[in-house]
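Asker: The following block contains a protein sequence and its predicted model.
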Amino acid sequence: MADSNVPDLDDHDDEFHTADAGASETYPQQCSALRKNGFVMLKNRPCKIMEMSTSKTGKHGHAKVHMVGIDIFTGKKYEDICPSTHNMSVPNVKRVEYTLIDIESDGFVSMMDDTADTRNDIKLPEGELGQEIRSKFENGDQLKITLLKACGEEAIIACKPENESKR
């Protein structure tokens, strides 16, 4: 005889909602294994490590690592201190090169990758880099654009003449 307070397991449909392929935006790495010019998440932002220093082991037994990083998208400076044996999140950073096709009047760029796929959803960066790309493009230079992707964000971080790119 079934207990009336216990729900029947057959009455429930399992629903799973997922929107990605299971790839994480970050992975853990021990603080002592991080290196200058590497990447780390500081204050929940993907940063490039500019300075690192390790203090001596204190009375509580952990050496501390002091890190200074620059946000790879905004250029803002962040600092953090972490015990060397603790894990920190490291962003999965991907660099993709595109050939610049056009710059729209609204500042969006048209670009093509090595497989001939095109994109036009990225805006020209503000400041000197954006001005440099625009002026070189208007001078008729063929440019390779470097796009950095991390944590769901993308930004153009560099440009170089087409003939300098690695084949």
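Answerer: Everything's here; your move. All values reported here derive from a predicted model rather than from experimental measurement. Numbering: from 1, shown residues only.
Asker: Would you verify that residue 128 is located in a strand?
Answerer: No - read with DSSP: H, G, I helix; E, B strand; the rest coil, residue 128 is helix and lies in no strand.
Asker: how does the protein divide into domains?
Answerer: Under the assignment automatic domain parsing, the domains of the chain span 26-91, 94-164.
Asker: Pipe those domains into a markdown table and attach mean neighbour count and mean pLDDT per row.
Answerer: C-beta: built from backbone N, CA, C; applies to glycine. Written out in a markdown table, the entries for the domains of the chain read as follows (neighbours: other Cβ atoms under 10 Å; pLDDT from 0 to 100):
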| stretch | mean neighbour count | mean pLDDT |
| --- | --- | --- |
| domain 26-91 | 15 | 92 |
| domain 94-164 | 14 | 92 |
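Asker: give me phi/psi at residue 54?
Answerer: When read as degrees, to the nearest 10, the backbone of residue 54 gives phi -120, psi 130.
Asker: On the strand side of things, show who it bridges to.
Answerer: Beta-bridge pairing for residue 54 (DSSP bridges): residue 65.
Asker: thought it was touching residue 33?
Answerer: No - the criterion here is Cβ atoms under 8 Å, and residue 54 misses it with residue 33 at 11.9 Å.
Asker: any chance you could map the strands in the chain?
Answerer: Under the criterion DSSP state E, the chain contains strands at 26-30, 39-42, 45-54, 64-71, 77-83, 87-91, 94-103, 108-112, 118-123, 143-150, 153-161.
Asker: distance of the residue nearest the centre of the chain from residue 91?
Answerer: Nearest to the geometric centre of the chain sits residue 150, at 2.0 Å (Cα atoms, centre = their mean). Here the criterion is Cβ to Cβ, to the nearest Å. By it, residue 150 lies 4 Å from residue 91.
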